[in-house]
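Asks: Could you work out the structure for the sequence below:
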Amino acid sequence: MPNKLRVAMPSGTTASALPEPGAPARGHLQLHSETGGLTPWCGPAALALATGHSYADACALLRAVAPTGYPEGEVVTTYWRDLLAGLSAAGIPHVPLPVPSPHDTLLRMVRDDALAPGWYLLRVTDHFLLLRQLGAGLARLHDNHHTAMAVSGRLHGRRKVTHAAHLLGGPLVARDAISAVARHPVAGGRARRAARPASPAAGAGCRARGGSPGLSPRR
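Replies: Numbering: from 1, shown residues only. Next comes the predicted model:
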(Lines give C-alpha, C1' and ligand atoms only; values in the text may rest on other atoms or scores of the structure.)
Protein backbone atom coordinates (compact mmCIF):
# COMPACT_ATOMS: atom_id res chain seq x y z
CA MET A 1 0.00 0.00 0.00
CA PRO A 2 1.20 3.57 -0.56
CA ASN A 3 3.43 5.22 1.99
CA LYS A 4 1.19 6.99 4.54
CA LEU A 5 3.87 9.29 5.93
CA ARG A 6 2.58 12.81 6.47
CA VAL A 7 4.71 15.67 7.71
CA ALA A 8 4.34 19.42 7.83
CA MET A 9 6.06 20.96 4.83
CA PRO A 10 8.75 23.56 5.60
CA SER A 11 7.49 27.13 5.74
CA GLY A 12 7.20 28.58 2.24
CA THR A 13 7.45 25.14 0.65
CA THR A 14 4.66 23.62 -1.41
CA ALA A 15 4.22 20.23 -2.97
CA SER A 16 5.99 19.92 -6.30
CA ALA A 17 4.06 21.36 -9.22
CA LEU A 18 4.09 20.36 -12.85
CA PRO A 19 6.62 22.36 -14.85
CA GLU A 20 5.37 24.98 -17.26
CA PRO A 21 5.78 23.97 -20.92
CA GLY A 22 9.07 25.32 -22.19
CA ALA A 23 10.39 26.15 -18.70
CA PRO A 24 14.11 25.39 -18.34
CA ALA A 25 14.99 22.32 -16.30
CA ARG A 26 16.71 22.86 -12.97
CA GLY A 27 20.26 21.60 -12.73
CA HIS A 28 23.46 21.81 -10.73
CA LEU A 29 24.18 25.38 -11.83
CA GLN A 30 20.92 26.59 -10.29
CA LEU A 31 21.80 24.79 -7.06
CA HIS A 32 25.28 26.34 -7.07
CA SER A 33 23.74 29.79 -7.40
CA GLU A 34 21.46 29.06 -4.43
CA THR A 35 24.47 28.19 -2.26
CA GLY A 36 26.46 31.28 -3.15
CA GLY A 37 28.70 29.49 -5.61
CA LEU A 38 29.60 26.62 -3.27
CA THR A 39 29.07 23.04 -4.37
CA PRO A 40 25.96 21.67 -2.63
CA TRP A 41 26.00 18.34 -0.82
CA CYS A 42 24.76 15.49 -2.98
CA GLY A 43 21.91 14.24 -0.73
CA PRO A 44 19.83 17.42 -0.48
CA ALA A 45 20.88 18.32 -4.04
CA ALA A 46 19.31 15.11 -5.38
CA LEU A 47 16.15 15.76 -3.35
CA ALA A 48 15.95 19.35 -4.61
CA LEU A 49 16.22 18.27 -8.25
CA ALA A 50 13.72 15.41 -7.84
CA THR A 51 11.09 17.59 -6.15
CA GLY A 52 11.68 20.87 -7.98
CA HIS A 53 12.31 22.66 -4.66
CA SER A 54 15.21 24.94 -3.81
CA TYR A 55 18.32 23.54 -2.12
CA ALA A 56 17.42 25.29 1.15
CA ASP A 57 13.89 23.85 1.04
CA ALA A 58 15.31 20.37 0.41
CA CYS A 59 17.46 20.69 3.56
CA ALA A 60 14.40 21.90 5.49
CA LEU A 61 12.37 18.99 4.12
CA LEU A 62 14.93 16.49 5.43
CA ARG A 63 14.74 18.12 8.86
CA ALA A 64 10.92 17.96 8.69
CA VAL A 65 10.84 14.20 8.04
CA ALA A 66 13.61 13.44 10.58
CA PRO A 67 13.71 16.28 13.15
CA THR A 68 16.31 14.59 15.36
CA GLY A 69 18.56 13.57 12.51
CA TYR A 70 19.64 16.92 11.10
CA PRO A 71 20.76 20.12 12.84
CA GLU A 72 19.74 23.55 11.63
CA GLY A 73 21.55 24.80 8.54
CA GLU A 74 22.90 22.94 5.54
CA VAL A 75 22.47 19.16 5.58
CA VAL A 76 25.80 17.40 5.09
CA THR A 77 25.21 13.69 5.76
CA THR A 78 21.96 12.18 4.48
CA TYR A 79 20.19 8.89 5.19
CA TRP A 80 18.69 6.98 2.26
CA ARG A 81 15.47 6.37 4.19
CA ASP A 82 15.09 10.12 4.77
CA LEU A 83 15.48 10.86 1.05
CA LEU A 84 12.61 8.46 0.37
CA ALA A 85 10.56 10.05 3.16
CA GLY A 86 11.32 13.47 1.65
CA LEU A 87 10.03 12.30 -1.73
CA SER A 88 6.81 11.08 -0.09
CA ALA A 89 6.36 14.30 1.87
CA ALA A 90 6.79 16.31 -1.34
CA GLY A 91 4.19 14.21 -3.15
CA ILE A 92 6.63 12.36 -5.43
CA PRO A 93 5.41 8.76 -5.92
CA HIS A 94 8.26 6.29 -6.05
CA VAL A 95 9.05 2.60 -5.66
CA PRO A 96 12.20 1.37 -3.87
CA LEU A 97 13.86 -1.29 -6.00
CA PRO A 98 16.04 -4.25 -5.09
CA VAL A 99 19.55 -3.94 -6.46
CA PRO A 100 20.22 -6.98 -8.70
CA SER A 101 23.73 -7.50 -7.36
CA PRO A 102 25.76 -5.59 -4.77
CA HIS A 103 28.73 -5.94 -7.09
CA ASP A 104 27.06 -4.28 -10.09
CA THR A 105 28.54 -0.98 -11.15
CA LEU A 106 26.39 1.86 -12.42
CA LEU A 107 27.86 1.50 -15.90
CA ARG A 108 27.05 -2.21 -16.04
CA MET A 109 23.46 -1.62 -14.97
CA VAL A 110 23.07 1.06 -17.63
CA ARG A 111 24.64 -0.98 -20.43
CA ASP A 112 22.71 -4.12 -19.49
CA ASP A 113 19.43 -2.13 -19.37
CA ALA A 114 18.86 -3.48 -15.86
CA LEU A 115 16.53 -0.53 -15.29
CA ALA A 116 13.53 0.28 -17.47
CA PRO A 117 13.54 3.70 -19.15
CA GLY A 118 12.61 6.41 -16.70
CA TRP A 119 13.92 8.45 -13.74
CA TYR A 120 15.66 6.96 -10.72
CA LEU A 121 17.13 8.13 -7.44
CA LEU A 122 20.28 6.11 -6.81
CA ARG A 123 22.88 5.74 -4.15
CA VAL A 124 26.21 4.63 -5.55
CA THR A 125 29.41 4.33 -3.54
CA ASP A 126 29.45 7.40 -1.24
CA HIS A 127 27.22 9.45 -3.54
CA PHE A 128 23.56 10.21 -4.35
CA LEU A 129 22.41 11.04 -7.89
CA LEU A 130 19.45 11.05 -10.24
CA LEU A 131 19.58 8.85 -13.31
CA ARG A 132 17.51 9.19 -16.45
CA GLN A 133 17.65 5.76 -18.07
CA LEU A 134 17.07 6.13 -21.81
CA GLY A 135 17.37 2.51 -22.90
CA ALA A 136 19.67 0.86 -25.45
CA GLY A 137 22.49 1.04 -22.91
CA LEU A 138 22.32 4.83 -22.55
CA ALA A 139 21.61 6.98 -19.48
CA ARG A 140 22.26 10.51 -18.24
CA LEU A 141 22.97 11.51 -14.68
CA HIS A 142 22.06 14.60 -12.70
CA ASP A 143 23.75 15.48 -9.39
CA ASN A 144 25.46 18.29 -7.52
CA HIS A 145 28.17 18.53 -10.20
CA HIS A 146 26.50 17.53 -13.47
CA THR A 147 23.33 18.02 -15.48
CA ALA A 148 22.29 15.45 -18.11
CA MET A 149 25.79 14.03 -18.51
CA ALA A 150 26.19 10.61 -20.11
CA VAL A 151 27.22 7.91 -17.66
CA SER A 152 30.74 6.71 -18.37
CA GLY A 153 33.56 4.93 -16.63
CA ARG A 154 35.04 8.26 -15.62
CA LEU A 155 31.71 9.77 -14.53
CA HIS A 156 30.50 7.62 -11.60
CA GLY A 157 30.17 4.61 -13.89
CA ARG A 158 32.61 2.46 -11.88
CA ARG A 159 30.85 3.07 -8.55
CA LYS A 160 28.73 0.27 -7.07
CA VAL A 161 24.96 0.76 -6.97
CA THR A 162 23.75 0.13 -3.41
CA HIS A 163 20.21 1.60 -3.35
CA ALA A 164 17.65 2.50 -6.02
CA ALA A 165 14.16 3.99 -6.26
CA HIS A 166 12.06 4.47 -9.39
CA LEU A 167 10.42 7.91 -9.60
CA LEU A 168 6.83 7.57 -10.85
CA GLY A 169 5.89 11.25 -10.78
CA GLY A 170 7.06 14.76 -10.04
CA PRO A 171 8.54 17.52 -12.20
CA LEU A 172 11.15 15.32 -13.90
CA VAL A 173 8.64 12.69 -15.03
CA ALA A 174 6.11 15.40 -15.98
CA ARG A 175 8.70 17.21 -18.10
CA ASP A 176 9.36 14.05 -20.09
CA ALA A 177 5.62 13.63 -20.66
CA ILE A 178 5.30 17.23 -21.86
CA SER A 179 8.26 16.74 -24.21
CA ALA A 180 6.72 13.53 -25.57
CA VAL A 181 3.44 15.33 -26.31
CA ALA A 182 5.33 18.17 -28.03
CA ARG A 183 7.22 15.71 -30.23
CA HIS A 184 4.21 13.51 -30.99
CA PRO A 185 1.01 15.57 -30.60
CA VAL A 186 -1.16 12.87 -32.19
CA ALA A 187 -0.11 10.46 -29.43
CA GLY A 188 -0.52 13.08 -26.73
CA GLY A 189 -3.46 11.32 -25.11
CA ARG A 190 -1.53 8.08 -24.79
CA ALA A 191 1.52 9.91 -23.41
CA ARG A 192 -0.57 11.68 -20.77
CA ARG A 193 -2.20 8.42 -19.70
CA ALA A 194 1.19 6.72 -19.48
CA ALA A 195 2.52 9.57 -17.35
CA ARG A 196 -0.10 9.08 -14.63
CA PRO A 197 1.74 7.82 -11.55
CA ALA A 198 1.02 4.34 -10.34
CA SER A 199 0.59 3.52 -6.68
CA PRO A 200 4.01 2.99 -5.10
CA ALA A 201 4.73 -0.49 -3.83
CA ALA A 202 5.13 -1.02 -0.14
CA GLY A 203 8.63 -1.08 1.27
CA ALA A 204 10.48 0.94 3.82
CA GLY A 205 13.61 2.77 2.82
CA CYS A 206 16.82 1.68 4.48
CA ARG A 207 19.84 3.60 5.59
CA ALA A 208 22.79 3.63 3.27
CA ARG A 209 25.67 1.34 4.25
CA GLY A 210 23.34 -1.02 6.06
CA GLY A 211 22.49 1.32 8.90
CA SER A 212 25.02 4.11 8.72
CA PRO A 213 24.33 7.42 6.99
CA GLY A 214 25.25 7.73 3.35
CA LEU A 215 27.79 10.49 3.04
CA SER A 216 27.11 13.41 0.74
CA PRO A 217 30.61 14.51 -0.35
CA ARG A 218 31.09 17.79 -2.12
CA ARG A 219 33.54 16.26 -4.54
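Asks: Scan the protein for its longest strand.
Replies: strand 127-135 (DSSP state E).
Asks: which strands and helices sit next to the helix or strand that comes right after that one?
Replies: Next along the chain after strand 127-135, taking DSSP states H and E as the criterion, comes strand 138-142. On a contact count with 3 or more Cβ pairs under 8 Å, 6 or more residues apart in numbering; DSSP states H and E, strand 138-142 meets strand 127-135, strand 149-150. Placement of C-beta: from N, CA and C, glycine included.
Asks: Show the average pLDDT along the longest strand of the chain.
Replies: Confidence for strand 127-135, expressed as mean pLDDT, is 93.
Asks: Mind pulling the model confidence for Ala64?
Replies: Reported pLDDT for Ala64: 95.
Asks: going forward, begin numbering at 56 instead of 1
Replies: Sure thing, new numbering starts at 56, so read that last one as Ala119.
Asks: in what helix or strand does it lie?
Replies: If you go by DSSP H and E, Ala119 is part of helix 110-120.
Asks: elements contacting the very next helix or strand once past that helix?
Replies: Under the assignment DSSP H and E, the closest C-terminal helix or strand after helix 110-120 is helix 135-144. When contacts are defined as 3+ Cβ pairs under 8 Å, 6+ apart, helix 135-144 packs onto helix 97-106, helix 110-120, strand 149-152, strand 173-179, strand 216-222.
Asks: Can you get me a residue count around the closest residue to Pro226 other than its chain neighbours?
Replies: Excluding the flanking residues, the one nearest Pro226 by Cβ to Cβ, 6 or more residues apart in numbering is Gly107, at 3.9 Å. Neighbours of Gly107 under the rule other Cβ atoms under 10 Å: 23.
Asks: how near is Gly107 to Leu227?
Replies: 8 Å (Cβ to Cβ, to the nearest Å).
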